[in-house]
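Q: missing the sequence, but the structure's below:
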């Protein structure tokens, strides 16, 4: 039996089963294929093109702020990983071990990098001598591996692509400033480029990165009101630098220990795009990150002049720097509409014989399905406007979802009541005590997302224990 | 004791010890740092920036010819690697094995990809159904790992960065055409972008890639007259596709097996740049690939107006799209001259008080040290010209080296005589018999580099056995 090209298949509704909807979209939009190793996936061309756009945006922001790219080894000797004790405790349970090279057993096990702090430190110890060598602002694009038990496309792969920045500074002030600079770059990526509103803040002690003094985060809310940590920026103080013997001659001619940061964003953020913007027709991509921003679809393509006009429109769009494609395949227009809705292409241009007569085409927005006639002479300017409106519209919709699903609670009981039949973020005052944080998990199943920079004074006292409050915390259910 | 910033140190002369010279340059030009795992290195910012330029050039050539990027898993199950028997025989001795994930022993060993044919095949088997799905023109940028015994920066790392293209086609003609298209893209990269002349040809059976039907290659000659294989493009026929059960419904509605290619270029090519162009002052980078094309050095920077003018020149160059930097550090001009010669920056602009008075600066080419006055008003146009002249001059010099060190031999004895006191390429006729190929290795220590596309008829008979010759072969000493 001959196998035939797939037709666009139905996906389950988001409201029925958000998890299954997500899996359906990842598959039907041709983002990922599974490999024969659990948790390691193939990023198909469409997913990789999204990642390339994110990379290119982030990389230019890194370079504008003086960062340089490097490439560190894939493998870490066990003894090197063990040099910083909090770090090894955090990562040892989830690394993969190489024990043989060819047919020979290795004298020391090597782990595949789960993150590269120790490799950067080893290198920095070799190359940092004087305050003149600082700051060192390095970043690398690579894949890392963490042997997680449960896995999910984009959200939790055993192997994932990311960038990891690792910087060294003369003073703690400079390092803290860098930590915040990179957090702000991540926030800009999310809000301006990916149309994902963020809450910026600092993680509690319990939730911070293994080995860091403090971890800053941007937290996004998905369509189902769960939280996704979209990027983190860590301040290390000089703990790692001390453990690795990194020293430099300071301006006063004494030997000093530098201060360190690290920060990362991964392909996980693609999961965030899917879950922030998608709907029951599939993926929905913000125009700025979409590999294809406009798809041109000929209607009654067999009629004279249609293919020619569609080609002309395509070329006009392309020469204006708009990422466009046309589909001249023999599938029906209806099939094509749903195919490109599934792929989340922000704008569809339909062009048929009657449109040509009227000197216009039809433009249909993916996000709100609004439809309008666009005269040929206005094509580029109107398409650019619609793309801007779409970008903004998607941000506004996501922001509304965040606002609508954020609650305020004055007591833990109230919080538990709120989340007894719904998901969302809950704002509560906190005394800073880890016991209270554990209590929220026990009673309301929520973890602390962050202590936001934008604080509100809800009450004087901790919502959990009643002691004086230190700050307001966002609590939620995380991916 | 305070550590102090390094001064530019001497490197050994190329003629004294080419191997040591190479190691010195790699270190002094700050290209590589060693890690604690043998054969795994740190690519420092300068080396990585060179790689980024190569990547960006190649990637745009790939995309112009319709290729798409994907990302495949890092790990390959042992059983998957074994599916194609020639392939596993070629790679099994040099793969690294992961045996544990966290604290748990894996049921099946996983190797770190030494190359990804089997992963692409596994994926293609999932997604190829009809002739409409073909061709599939995929490429990936990643790192691979081969557990080599002896290692050397860039030339032979255990881990290296590369791109690997893997394509599937309806017919063998199309696949062969693709194999050749990619070889030509590699040749263009080498000759036009890296100023490295190439010999294009096909590998003998003995030297071809494990599992390929034929391997096409570009061979470059290094300054010491040894050969470097700078890129390869393989035609697989449909052997892998059969082993992996990849089938599609053809135009005639029958099930068919597609034809396959793969092709790759790695960071090894950076070793090629170093050894093709370098000299006793260090690295020499062709302008097209140089991360910094022009360095502006103020002379008597404390004198009024010098720093301002140097800054102005820098900005003028930068706004013309020339990759430029200025060094305002407190090192002496002499120190800076040798530092940027070591780094191989193609052009140096010196600007001092007298130059300012005369309304000009001094331009010094890295490749031939030629020095000229450039009036400020001609700066951009003259610098662009000099960079073009440098690019061409470097190509010509390398071409001359290739010509001067290529010999013709009519017998194996003559070949052995030629290479008894020098290194080079030797052209000889060959009958096509592997025994004769082995004999050349035994008697003259040379391996076949390739059967060049540009054939010459030297003799009628094989230079080794005297039987009728099939073709002319380049023989040489390879890195």
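A: That came in fine, so what should we check first? Owing to the predicted nature of the structure, the values given are computational and were not obtained by experimental measurement.

Q: only C-alpha atoms from now on, for both contacts and neighbour counts.
A: OK.

Q: stretch A:120-138 near chain B anywhere?
A: Yes. Using Cα under 8 Å from any Cα of the partner chain, stretch A:120-138 reaches chain B at A:122, A:123, A:129, A:130, A:132, A:138.

Q: count of neighbours near the fourth one?
A: The burial metric for residue A:130, expressed as a neighbour count using other Cα atoms under 10 Å in any protein chain shown, is 22.

Q: is it true that it touches residue A:253?
A: No. Taking contacts as Cα atoms under 8 Å, residue A:130 lies outside contact range of residue A:253: 9.0 Å.

Q: which of the residues of stretch A:120-138 next to chain B fall in helices?
A: Residues of the residues of stretch A:120-138 next to chain B located in helices (DSSP state H): A:122, A:123.

Q: looking at the residues of stretch A:120-138 next to chain B, point me to the pair that's furthest apart.
A: Maximum pairwise distance among the residues of stretch A:120-138 next to chain B (Cα to Cα): 19.0 Å, between A:122 and A:132.

Q: can you give me the strands for the stretch 151-300 of chain A?
A: Along the stretch 151-300 of chain A, the segments classed as strands by DSSP state E, counting those that start in this stretch run A:159-169, A:199-202, A:214-221, A:227-237, A:248-249, A:255-256, A:259-266, A:294-298.

Q: out of those strands, flag the one nearest chain B.
A: Smallest distance to chain B across the strands of the stretch 151-300 of chain A (Cα to the nearest Cα): 5.5 Å, for strand A:248-249.

Q: what about that closest one, near chain B?
A: Yes. Using Cα under 8 Å from any Cα, strand A:248-249 reaches chain B at A:248, A:249.

Q: poorly predicted segments of chain A, please.
A: In the predicted model, chain A carries pLDDT under 70 at residues A:1-9.

Q: just give the nearest non-adjacent residue to residue A:196, would you?
A: residue A:190 (5.1 Å; Cα to Cα, 6 or more residues apart in numbering or on different chains).

Q: could you give the backbone dihedrals for the residue of chain A most remote from its centre?
A: What lies farthest from the middle of chain A is residue A:304; by Cα atoms, centre = their mean that is 45.7 Å. Dihedral angles phi and psi of residue A:304 (degrees, to the nearest 10) take the values phi -60, psi 140.

Q: how close does it sit to residue A:353?
A: 8 Å (Cα to Cα, to the nearest Å).

Q: circling back: how much space separates the residue nearest to residue A:196 from residue A:447?
A: 22 Å.

Q: neighbour count winner among those two?
A: residue A:190 (23 against 19).

Q: surely the more buried one touches residue A:197?
A: Yes. Using Cα under 8 Å, residue A:190 makes contact with residue A:197 at a distance of 6.7 Å.

Q: tell me how many other residues crowd the nearest residue to residue A:402 once chain neighbours are set aside.
A: Distances taken as Cα to Cα, 6+ apart put residue A:221 closest to residue A:402, at 5.9 Å, once the chain neighbours are dropped. Neighbour count of residue A:221, defined by other Cα under 10 Å: 30.

Q: how about residue A:97, secondary structure?
A: Here residue A:97 is recorded as strand under DSSP: H, G, I helix; E, B strand; the rest coil.

Q: ok, the closest residue to it other than its chain neighbours - contacts?
A: Nearest non-adjacent residue to residue A:97, counting by Cα to Cα, 6+ apart: residue A:111, 4.5 Å away. When contacts are counted by Cα atoms under 8 Å, 6 or more residues apart in numbering or on different chains, residue A:111 touches A:75, A:76, A:77, A:78, A:95, A:96, A:97, A:98.

Q: and the second one, how many residues sit next to it?
A: Just to be clear, that refers to residue A:76. Residue A:76: 25 neighbours (other Cα under 10 Å).

Q: so how far is chain B from the residue nearest to residue A:196?
A: For residue A:190, the distance to chain B equals 23 Å [Cα to the nearest Cα, to the nearest Å].

Q: return the residues in contact with that residue.
A: A:196, A:197, A:198.

Q: compare those and tell me which has the most neighbours.
A: Busiest of the contacts of residue A:190 [other Cα under 10 Å] is residue A:196, holding 28 neighbours.

Q: that one contacts residue A:276, correct?
A: Yes. At 7.1 Å, residue A:196 counts as touching residue A:276 under the criterion of Cα under 8 Å.

Q: now do the shared contacts for these two.
A: residue A:398.

Q: hang on, the earlier thing: out of the strands of the stretch 151-300 of chain A, flag the one nearest residue B:10.
A: Taking these one by one with Cα to Cα, strand A:248-249 is closest: 24.6 Å.

Q: against which helices or strands is that closest one packed?
A: strand A:255-256 (3 or more Cα pairs under 8 Å, 6 or more residues apart in numbering or on different chains; DSSP states H and E).

Q: in its sheet, what does the strand it packs on sit against?
A: strand A:248-249 (antiparallel) (DSSP bridges).

Q: show me the contacts for residue A:427.
A: Going by Cα under 8 Å, 6+ apart, the list of residues near residue A:427 reads A:406, A:407, A:408, A:409, A:472, A:473, A:474, A:475.

Q: and it, helix, strand or coil?
A: Relying on three-state DSSP, one would call residue A:427 strand.

Q: can you tell me the closest non-neighbouring residue to the most centrally placed residue in chain A?
A: In chain A, the centroid-proximal residue (Cα atoms, centre = their mean) is residue A:269; its distance is 1.8 Å. For residue A:269, ignoring the flanking residues on the chain, the nearest one in space by Cα to Cα, 6+ apart is residue A:230 at 5.8 Å.

Q: burial measure for the one you found, as a count.
A: 25.

Q: show me the contacts for it.
A: So residue A:230 contacts A:217, A:218, A:219, A:220, A:265, A:268, A:269, A:272 (Cα under 8 Å, 6+ apart).

Q: do the same with residue A:425
A: Residue A:425 neighbours (Cα under 8 Å, 6+ apart): A:225, A:226, A:227, A:405, A:406, A:407, A:474, A:475, A:476, A:477.

Q: in TSV, list the residues you listed along with neighbour count.
A: Converted to TSV, these look like this (neighbours: other Cα atoms under 10 Å in any protein chain shown):
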residue	neighbour count
A:225	22
A:226	20
A:227	22
A:405	18
A:406	18
A:407	17
A:474	24
A:475	26
A:476	27
A:477	21
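
Q: okay, those residues in TSV with distance to residue B:82 next?
A: Output for the contacts of residue A:425, formatted as TSV (distance: Cα to Cα, whole Å):
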residue	distance to residue B:82
A:225	46
A:226	43
A:227	43
A:405	52
A:406	53
A:407	56
A:474	51
A:475	49
A:476	47
A:477	44
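
Q: which of those lies closest to residue B:369?
A: Once Cα to Cα is applied, the member of those that ends up nearest residue B:369 is residue A:227, at 60.6 Å.

Q: how near is that closest one to residue A:24?
A: Applying Cα to Cα to residue A:227 and residue A:24 gives a distance of 20 Å.

Q: report the angle between the axes of the helix or strand encompassing residue A:381 and strand A:294-298?
A: If you go by DSSP states H and E, residue A:381 is part of helix A:379-404. In terms of direction (axes from the mean of the first three to the mean of the last three Cα atoms, to 10 degrees), helix A:379-404 departs from strand A:294-298 by 120 degrees.

Q: what is the helix or strand just after helix A:379-404 packed up against?
A: Sequence-wise, the next helix or strand downstream of helix A:379-404 (DSSP H and E) is strand A:406-408. Contacts defined by 3+ Cα pairs under 8 Å, 6+ apart place strand A:406-408 against strand A:425-430.
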